[in-house]
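Undergrad: generate coordinates for the sequence data below:
(one chain, ligands or ions: 1)
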Amino acid sequence: MKLINNSILLGVLFISGICNSQNTKTAQASLKNSFKGDFYIGTALNVSQIEEKDAKADALIRKEFNAITAENIMKSMFVHPSKDKYDFAMTEKFVAYGEKNKMFIHGHTLIWHSQLARWMSEIKDSTEMKAFMKDHITTIVSKFKGRINSWDVVNEALNEDGTYRKSVFLNTLGESYLADAFKLAAQADPKVDLYYNDYNICEPKKREGAIKLVKYIKANGGKIDGVGIQGHWRLDSPSLEEIEKSILAYSELGVKVAFTELDITVLPNPWDLQGADVNQSFEGSAKMNPYPKTLPDSIQNKLAERYASIFKLFLKHKDKISRVTFWGVHDGQSWLNDWPIKGRTNYPLLFDTNLKPKKAYNSVMQLKELENNKIGKKKVFKN
Ligand code: 9MR
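TA: Numbers count the residues shown, from 1 in each chain. Predicted structure coming up:
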């Protein structure tokens with residue numbers, strides 16, 4: 001009797017296996033399809049990708065991702081090069097690309113101390129800065145009202161110890177620039193989601209700073225919808241515990257949590273550097289570039305395990321997470337090949353330089369397969 005039951009069960013599992021594989025054939029296996037219903041899966045696009053210069057890369061982007069961020073072209077120095085001049089040519093192309101492919105479109109970034117046009121960093125007083133912020137934020141956000149889905153309103157306003165970064169904005173206006181920026185953005189497009197975005201904000205001190213910053217914005221009349229944790233991470237840090245604490249702490253503030261610039265460096269760090277302050281650079285050496293041709297299996301496996309454990313955590317908290325965006329499509333394009341040391345070969349993403357999925361890609365996809373199989377099996381046993 002037991003034998004018959006077992007063979008019936010095996011038969012059911014076999015048939016359900018066939019059904020499952022037929023289902024996956026109709027919905028193409030991809031990151032965006034696998035995580036549909038959990039959170040958006042995004043990528044950052046460079047100029048050649050926005051302009052669809054490489055058909056293979058373009059096909060990969062459209063297959064795998066349903067959210068996009070512009071890696072550079074929407075930064076202040078490019079869209080607002082001089083006081084009376086805006087240049088939206090590339091942003092138009094970027095937004096059109098997202099619309100054509102029905103993607104979630106994220107705007108990066110409005111108020112950031114870096115990649116500013118020179119004239120902006122020379123603003124001296126509060127009157128001039130207030131006028132700048134009003135014109136800059138209102139013009140850009142209104143221009144893409146209803147077309148851009150979310151904005152990084154303020155980017156990287158914090159020091160590592162959680163205090164406010166001394167920037168031209170803080171120097172001229174004090175902390176009020178933070179609430180003002182969010183108010184102006186909400187006035188220009190009341191429906192768009194507004195984010196504070198930063199790196200290392202899973203580290204306890206900086207996290208405390210980010211929590212204070214969000215509370216400050218809310219208490220002073222700003223509308224803030226989310227916190228963007230950039231996620232420029234390492235193989236061994238931040239710990240899963242700190243990432244989880246951060247997801248919980250930010251969502252307790254009543255805002256969405258997004259992972260906005262995810263990548264994982266596998267290379268040695270010259271000064272035990274954390275995060276992404278681009279103002280640092282370092283002379284390279286062979287020791288600092290240990291994998292110039294290929295990544296050894298042992299590290300490839302570590303990267304796959306790290307990505308799997310991170311995504312497992314993301315799935316656990318999918319109700320709090322709006323989007324997970326990788327900082328680039330493939331390893332060959334990553335900024336981490338040139339930072340903090342120029343000309344290295346890094347392997348931080350899910351696709352290699354030839355656009356082939358890495359072990360890390362499979363490990364992330366397998367999480368969803370396991371989840372789906374569990375659900376499938378539960379159904380079989382229920383019947
Ligand atoms: O990836 C971007 C790189 O191409 C630029 O040279 C750099 C200049 O600041 O900015 C990089 O993107 C940064 C992002 O805009 C904000 N967070 C940190 C990212 C990595 O530095």
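
Undergrad: only C-alpha atoms from now on, for both contacts and neighbour counts.
TA: OK.

Undergrad: is it true that residue 259 lies in a strand?
TA: Yes - counting by DSSP: H, G, I helix; E, B strand; the rest coil, one finds residue 259 located in a strand.

Undergrad: so it touches residue 327, yeah?
TA: No - Residue 259 lies out of contact with residue 327 (C-alpha atoms under 8 Å); the separation is 10.0 Å.

Undergrad: poorly predicted segments of the stretch 51-200 of the chain, please.
TA: By pLDDT under 70, the stretch 51-200 of the chain has no low-scoring segment.

Undergrad: again with the stretch 201-350 of the chain
TA: For the stretch 201-350 of the chain (pLDDT under 70), the answer is 271-284.

Undergrad: the more surrounded of residue 259 and residue 327?
TA: Of the pair residue 259 and residue 327, residue 327 is the one with more neighbours under other C-alpha atoms under 10 Å, namely 30 against 23.

Undergrad: OK, contacts around the more buried one?
TA: Counting by C-alpha atoms under 8 Å, 6 or more residues apart in numbering, residue 327 touches 43-44, 71, 260-263, 334, 349.

Undergrad: from residue 85, how far out is it?
TA: From residue 327 across to residue 85, the span is 29 Å (C-alpha to C-alpha, to the nearest Å).

Undergrad: still on that earlier bit, of the contacts of residue 327 - the most surrounded one?
TA: For the contacts of residue 327, the largest number of neighbours (other C-alpha under 10 Å) sits with residue 260, at 29 neighbours.

Undergrad: quick one: the helices in the protein?
TA: In the chain, the helices defined using DSSP state H lie at 2-26, 31-34, 47-50, 55-64, 76-79, 89-100, 118-121, 126-143, 168-173, 176-188, 204-219, 240-252, 297-316, 359-382.

Undergrad: turn those helices into TSV, including mean neighbour count and distance to residue 342.
TA: Formatted as TSV, these follow (neighbours: other C-alpha atoms under 10 Å; distance: least, C-alpha to C-alpha, whole Å):
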stretch	mean neighbour count	distance to residue 342
helix 2-26	12	42
helix 31-34	20	31
helix 47-50	16	20
helix 55-64	15	24
helix 76-79	21	23
helix 89-100	17	27
helix 118-121	15	24
helix 126-143	17	33
helix 168-173	19	28
helix 176-188	21	33
helix 204-219	19	27
helix 240-252	17	29
helix 297-316	17	21
helix 359-382	15	25
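
Undergrad: tell me which of those sits nearest to residue 270.
TA: In terms of C-alpha to C-alpha, the element of the helices of the chain nearest to residue 270 is helix 297-316, at 18.7 Å.

Undergrad: what helices and strands are in contact with the closest one?
TA: helix 240-252, helix 359-382 (3 or more C-alpha pairs under 8 Å, 6 or more residues apart in numbering; DSSP states H and E).

Undergrad: one more time with 6 Å, if that's ok
TA: helix 359-382 (3 or more C-alpha pairs under 6 Å, 6 or more residues apart in numbering; DSSP states H and E).

Undergrad: alpha carbons of the helix it packs on, as PDB, please.
TA: Output of helix 359-382 as PDB, limited to C-alpha atoms (Å, rounded to 0.1, in the frame of the first residue of the first chain):
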ATOM      1  CA  LYS A 359      27.300  31.400 -10.800                       C
ATOM      2  CA  ALA A 360      26.000  34.300  -8.700                       C
ATOM      3  CA  TYR A 361      23.100  34.700 -11.200                       C
ATOM      4  CA  ASN A 362      22.200  31.100 -10.900                       C
ATOM      5  CA  SER A 363      22.400  31.200  -7.100                       C
ATOM      6  CA  VAL A 364      19.900  34.100  -7.000                       C
ATOM      7  CA  MET A 365      17.600  32.500  -9.600                       C
ATOM      8  CA  GLN A 366      17.700  29.100  -7.700                       C
ATOM      9  CA  LEU A 367      16.300  30.800  -4.600                       C
ATOM     10  CA  LYS A 368      13.100  31.500  -6.500                       C
ATOM     11  CA  GLU A 369      13.000  28.000  -8.000                       C
ATOM     12  CA  LEU A 370      13.300  26.500  -4.500                       C
ATOM     13  CA  GLU A 371      10.500  28.800  -3.300                       C
ATOM     14  CA  ASN A 372       8.300  27.800  -6.200                       C
ATOM     15  CA  ASN A 373       9.000  24.100  -5.800                       C
ATOM     16  CA  LYS A 374       8.100  24.400  -2.100                       C
ATOM     17  CA  ILE A 375       4.800  25.900  -3.000                       C
ATOM     18  CA  GLY A 376       4.300  23.300  -5.800                       C
ATOM     19  CA  LYS A 377       5.000  20.500  -3.300                       C
ATOM     20  CA  LYS A 378       2.700  21.900  -0.700                       C
ATOM     21  CA  LYS A 379      -0.100  21.800  -3.300                       C
ATOM     22  CA  VAL A 380       0.600  18.200  -4.200                       C
ATOM     23  CA  PHE A 381       0.500  17.100  -0.500                       C
ATOM     24  CA  LYS A 382      -2.700  19.100   0.100                       C
END
